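Novice: okay, predicted coordinates and the sequence, questions at the end:
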Amino acid sequence: MPDLDHFLYVYFLRPQELTSQRVNYMLGKGEVFKTLDLLAETRYERTKLIFHTIFFQVIFFILSFLVISSSGSIFGRGLVLAFLLHLSIDQIIDLKETGGFSNWMRDMPFVLDRTRTIYYVIATLLIILLFGFLL
C-alpha cells in the first residue's frame, strides 16, 4: 500500500518528470515488472511523496491505534499494521542508505541528530510491536 504513493507521484504530482514519463511509456507497453524495477531503482528521485513523511506517519499512528483497538476485523487490523511496518522499514532503509530522514522531514521545522534518529527508530518499532500485541 505505501508503494502506491510512488504511482500517485508519477500520475498526479509530477507527471512531467522524465521518470514519470518513462513509467507511463513502459506501462503502456505492458512491461509491468520492468516498471516496478524502474520505480525501485529511482525511488530517491521522488522526494515529495505524500505517505513517506514523518507528519503522515504520526497521523497514521494515531488512526492505526484507533483501528487496532476498536475494530473487530482481524483483516483490518493486520492491514493497518502491515502498512505501518512497511513505512517503518522504508524509513530504516532510507536511514541506512542516505544517512538520515531528509526526505521524510522536508517540511518540518526541526532536524533530528544521529542520537535522536536512533531513538525515533527504536520508539517506532516498539510502538509497532505493541500494536502487534493488540491484535
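Specialist: Good, I have the coordinates. This is a predicted model, so every value here is computed, not measured.
Novice: need the helices for the protein, in chain order.
Specialist: Taking DSSP state H as the test, the helices found in the chain are 4-8, 18-28, 32-41, 54-70, 74-98, 114-134.
Novice: which non-adjacent residue is nearest residue 98?
Specialist: Nearest non-adjacent residue to residue 98, counting by CB to CB, 6 or more residues apart in numbering: residue 44, 7.2 Å away. C-beta coordinates here come from the backbone N, C-alpha and C atoms, glycine included.
Novice: what do you get for residue 88?
Specialist: Residue 88's closest residue in space is residue 124 (CB to CB, 6+ apart), at 5.2 Å.
Novice: check the gap between the one you found and residue 40 for me.
Specialist: Separation of residue 124 from residue 40 (CB to CB, to the nearest Å): 23 Å.
Novice: those two: which has the busier surroundings?
Specialist: For residue 124 versus residue 40, the count of surrounding residues by other CB atoms under 10 Å is larger for residue 124: 18 against 10.
Novice: and the pLDDT at that one?
Specialist: Residue 124 is assigned a pLDDT of 83 by the prediction.
Novice: report the contact partners of it.
Specialist: 57, 88, 91 (CB atoms under 8 Å, 6 or more residues apart in numbering).
Novice: wait, doesn't the last one sit right on residue 104?
Specialist: So that's residue 91. Yes - under the criterion of CB atoms under 8 Å, residue 91 makes contact with residue 104 at 6.3 Å.
Novice: which of the contacts of residue 124 has the largest number of neighbours?
Specialist: Of the contacts of residue 124, with other CB under 10 Å as the count, residue 91 tops at 21 neighbours.
Novice: ok, residue 10 - contacts?
Specialist: Shown in contact with residue 10 (CB under 8 Å, 6+ apart): 19-20, 23-24, 39.
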